[in-house]
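Asker: mind looking at a prediction? Sequence and model below.
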Amino acid sequence: MENSVLTSVEELVHKKHDGDIQSFAQLYKTSVYKVHDWIRRDAHIINGKICIPTKHSA
C-alpha cells in the first residue's frame with residue numbers, strides 16, 4: 001500500500017520551482033491564474049492530484 005504524500009501547492013512552487021509559478025503551471029498543464037487560485041484556496045497535492053479543501057470539509 002502506498003503512503004499518501006501531502007504537499008501544499010504554495011510550498012511546492014517555492015521549494016521545487018524557486019517561486020516560478022509559470023513553470024509549475026506548465027508542468028501541471030494549467031494556467032497561471034488557476035495556480036494562483038489553488039494557492040489562495042490552500043490546495044494540496046495528494047499522490048500527484050490537486051485537492052482543494054471545501055467550506056464543507058469536516
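Answerer: Right, received. Where do you want to start? The structure displayed is predicted, hence computed values, not measured ones. Numbers count the residues shown, from 1 in each chain.

Asker: give me the neighbour count for residue 10.
Answerer: The local packing of residue 10 (other Cβ atoms under 10 Å) involves 17 other residues. Heads up, the C-betas are built off the backbone N, CA and C, glycines and all.

Asker: surely it meets residue 37?
Answerer: No: between residue 10 and residue 37 there is no contact under Cβ atoms under 8 Å: 11.8 Å.

Asker: from residue 54, how far out is the closest residue to residue 32 other than its chain neighbours?
Answerer: The shortest distance from residue 32 to any non-neighbouring residue, by Cβ to Cβ, 6 or more residues apart in numbering, is to residue 25 (4.9 Å). Distance, residue 25 to residue 54, by Cβ to Cβ, to the nearest Å: 23 Å.

Asker: these two: who's more crowded?
Answerer: With neighbours defined as other Cβ under 10 Å, residue 25 and residue 54 compare such that residue 25 has more, 19 against 7.

Asker: okay, which residue is most central for this protein?
Answerer: Closest residue to the average C-alpha location of the chain: residue 9 at 2.8 Å, with Cα atoms, centre = their mean.

Asker: in contact with that one, which residues are there?
Answerer: Each residue near residue 9 by Cβ atoms under 8 Å, 6 or more residues apart in numbering is listed here: 24, 35, 38-39, 43-45, 50.
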